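[1] sequence-free structure coming up:
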Ligand SMILES: Nc1nc2c(ncn2[C@@H]2O[C@H](COP(=O)(O)OP(=O)(O)OP(=O)(O)O)[C@@H](O)[C@H]2O)c(=O)[nH]1
């Protein structure tokens with residue numbers, strides 16, 4: 001037998017160490033080299049396959065991560081939009097009644113510790129129904145958007161204006177405004193809203209009536225303040241005064257009389 005064709009007797013033991021003569025040693029070494037080379041080439045092949053698989057997995061992982069990031073951003077955007085829609089008026093993009101109530105309650109809670117006054121201004125456009133009736137709902141909508149922008153522009157950034165609904169708006173003025181300052185502010189809001197406006201061919205103007213309620217003089221909770229500012233606005237409109245401060249004797253409903261009991 002030629003040496004290269006001889007196989008070690010027992011592949012489970014170390015054949016090189018057990019070679020009894022030179023011929024067996026050569027055969028054992030040749031066999032070791034051959035199996036070693038096969039092992040190296042098999043392992044290199046396996047490693048290349050593994051590397052390819054890893055690269056594919058990494059690519060898939062990258063794509064999955066990007067898709068996950070996109071889905072997460074979409075969900076966050078949707079959540080933000082839902083929160084925003086829940087607290088904003090879709091026509092004017094001003095905060096809505098719900099947002100106003102929350103902010104008023106927060107301002108009232110802070111006021112207690114800071115001992116400051118704050119005021120609610122209630123605005124309602126005069127004869128707005130005529131705008132809709134004469135020029136159509138779309139013109140009325142555009143006018144409401146413009147009024148919203150004008151109110152926002154006439155207030156400090158620390159003050160808040162919301163659309164309560166229809167042609168009604170409310171402002172929350174915090175800090176420590178006195179009556180003269182509040183009267184001036186109401187006048188500035190009326191001037192801003194009443195400026196003539198051009199809508200295509202149409203030239204229009206609207207005027208608001210404003211009622212003012214002050215915390216703590218006129219109430220210390222959100223509902224009372226808004227109701228009282230509304231009552232004052234109603235009187236301002238009725239008397240065509242433009243602005244009115246809440247007056248308990250005039251604006252509160254008279255207490256109902258107890259029915260006389262039969263004897
Ligand atoms: N264009 C438009 N009109 C609205 C909207 N919401 C409510 N309105 C209309 O606004 C009008 C408000 O009515 P009122 O405040 O009672 O009527 P007004 O003519 O302003 O009367 P006074 O407040 O007494 O001066 C109604 O005709 C509603 O139909 C809206 O989103 N868009």
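    Sure, I can see it. This one's a predicted model, so the numbers in the text were calculated from it and none came from an experiment.
[2] Residue 187 is in what secondary structure piece?
    Element membership for residue 187, per DSSP states H and E: helix 179-194.
[3] And that helix, what does it pack against?
    In this structure, helix 179-194 makes packing contacts with strand 118-125, helix 137-154, strand 168-173, strand 208-215, strand 243-245, judged by 3 or more CB pairs under 8 Å, 6 or more residues apart in numbering; DSSP states H and E. Heads up, the C-betas are built off the backbone N, CA and C, glycines and all.
[4] I'd like the ones you listed as JSON lines, with distance to the ligand appended.
    Output for the helices and strands packed on helix 179-194, formatted as JSON lines (distance: least, CB to the nearest ligand atom, whole Å):
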{"stretch": "strand 118-125", "distance to the ligand": "5"}
{"stretch": "helix 137-154", "distance to the ligand": "3"}
{"stretch": "strand 168-173", "distance to the ligand": "7"}
{"stretch": "strand 208-215", "distance to the ligand": "7"}
{"stretch": "strand 243-245", "distance to the ligand": "14"}
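[5] Mean pLDDT and mean neighbour count for those - can I get that in TSV?
    Formatted as TSV, the helices and strands packed on helix 179-194 follow (pLDDT from 0 to 100; neighbours: other CB atoms under 10 Å):
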stretch	mean pLDDT	mean neighbour count
strand 118-125	96	25
helix 137-154	97	18
strand 168-173	97	24
strand 208-215	96	25
strand 243-245	97	22
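[6] quick one, which of those is nearest to residue 37?
    helix 137-154 (82.1 Å; CB to CB).
[7] wait, does the helix holding residue 187 make contact with the ligand?
    No - figure legend: helix 179-194 not in contact with the ligand (CB under 6 Å from any ligand atom); closest approach 12.9 Å.
[8] That helix: which residues count as buried?
    By 16 or more other CB atoms under 10 Å, the buried positions in helix 179-194 come out as 182-183, 185-186, 189-190, 192-194.
[9] now, among these, which is nearest to the ligand?
    Ranked by distance to the ligand (CB to the nearest ligand atom), the buried residues of helix 179-194 are led by residue 193 at 12.9 Å.
[10] which residue packs closest to residue 151, ignoring adjacent ones?
    Among residues not flanking residue 151 along the chain, residue 161 sits closest, at 4.7 Å (CB to CB, 6 or more residues apart in numbering).
[11] Would you verify that that neighbour is located in a strand?
    Yes - Residue 161 forms part of a strand when assessed by DSSP: H, G, I helix; E, B strand; the rest coil.
[12] give the contact list for it.
    94-95, 148, 151-152, 155, 169-172 (CB atoms under 8 Å, 6 or more residues apart in numbering).
[13] hmm, back to that, residues contacting the helix holding residue 187, please?
    Against helix 179-194 from outside (CB under 8 Å, 6+ apart): 119, 121, 123, 125, 147, 150-151, 153-155, 171, 173, 177, 205-208, 210, 212, 214, 242-243, 245.
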